[in-house]
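Student: coordinates only, sequence not included:
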């Protein structure tokens with residue numbers, strides 16, 4: 001497969017809906033990232049903190065790095081100096097640590113609230129009552145160095161496209177509810193990060209503003 005042509009095809013699809021492409025470069029060598037960089041891609045997503053730190057140090061400084069995988073609180077300090085967005089905020093405890101480390105670095109870090117929408121217990125994320133409790137907490141209201149930019153979710157890994165569509169629809173509904181109840185006047189709260197290589201087109205149809213695509217751009221992982 002010509003991945004360069006695939007990149008152009010995906011970008012052309014997404015541009016018609018103003019959807020942002022996060023190129024998921026986990027496990028991929030720097031050369032593969034630079035191939036996409038040469039085509040104009042600047043937003044890359046990584047799952048693991050150590051790999052993210054190493055790539056940030058080695059690659060061009062105008063790359064916007066997103067942490068899209070599960071994040072442990074004890075690893076936040078390593079990415080706080082540079083990470084642009086953390087997609088996987090799944091607890092108040094984690095958000096407190098991000099705020100703390102962002103303050104140490106005199107930064108504000110964009111965060112997405114990870115919602116559990118899949119019919120799989122192995123996936124991380126909060127339910128609606130947990131996220132409402134978080135947003136109502138005094139601790140959250142006192143945070144000065146994080147910015148909640150939207151929500152993220154992963155659909156069930158299944159061939160049942162109707163199930164995937166319903167789960168994405170559920171995430172959009174949650175986003176709309178949170179926007180209405182907590183972020184009505186906040187222009188920063190605008191992202192719905194959903195959709196990967198196998199289901200991004202459904203995600204876009206259901207309101208995604210940000211898709212996380214890896215294997216279509218880089219090939220399957222070893």
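Tutor: Nice, I can see it. Please read all numbers here as calculations on a predicted model, not as lab measurements. Numbering: from 1, shown residues only.
Student: Any figure for the gap between the closest residue to residue 58 other than its chain neighbours and residue 23?
Tutor: Residue nearest to residue 58 in three dimensions, not counting chain neighbours: residue 30, with 5.7 Å by Cβ to Cβ, 6 or more residues apart in numbering. Every residue, glycine included, has its C-beta placed from N, CA and C. Applying Cβ to Cβ, to the nearest Å, the value for residue 30 to residue 23 is 13 Å.
Student: In terms of packing, which of these two has more residues around it?
Tutor: Neighbours were counted for residue 30 and for residue 23 using other Cβ atoms under 10 Å; residue 23 has more, 26 against 13.
Student: after the strand or helix carrying the more buried one, next one along is what?
Tutor: In this structure, residue 23 sits in strand 20-24 according to DSSP states H and E. Later in the chain than strand 20-24, the nearest helix or strand by DSSP H and E is helix 30-38.
Student: Show residues contacting that following helix.
Tutor: Residues from elsewhere that reach helix 30-38 (Cβ atoms under 8 Å, 6 or more residues apart in numbering): 3-4, 7, 23, 25, 44, 55, 58-60, 63, 217-218.
Student: The very next helix or strand once past that helix packs against which elements?
Tutor: Per DSSP H and E, the first helix or strand lying C-terminal to helix 30-38 is strand 43-46. Judged by 3 or more Cβ pairs under 8 Å, 6 or more residues apart in numbering; DSSP states H and E, strand 43-46 is in contact with strand 20-24, helix 49-58, strand 64-67.
Student: any chance of the ones you listed in CSV, with distance to residue 73 and mean pLDDT too?
Tutor: Listed next are those as CSV, based on distance: least, Cβ to Cβ, whole Å; pLDDT from 0 to 100:
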stretch, distance to residue 73, mean pLDDT
strand 20-24, 23, 97
helix 49-58, 11, 98
strand 64-67, 13, 98
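Student: Thanks a lot, catch you later.
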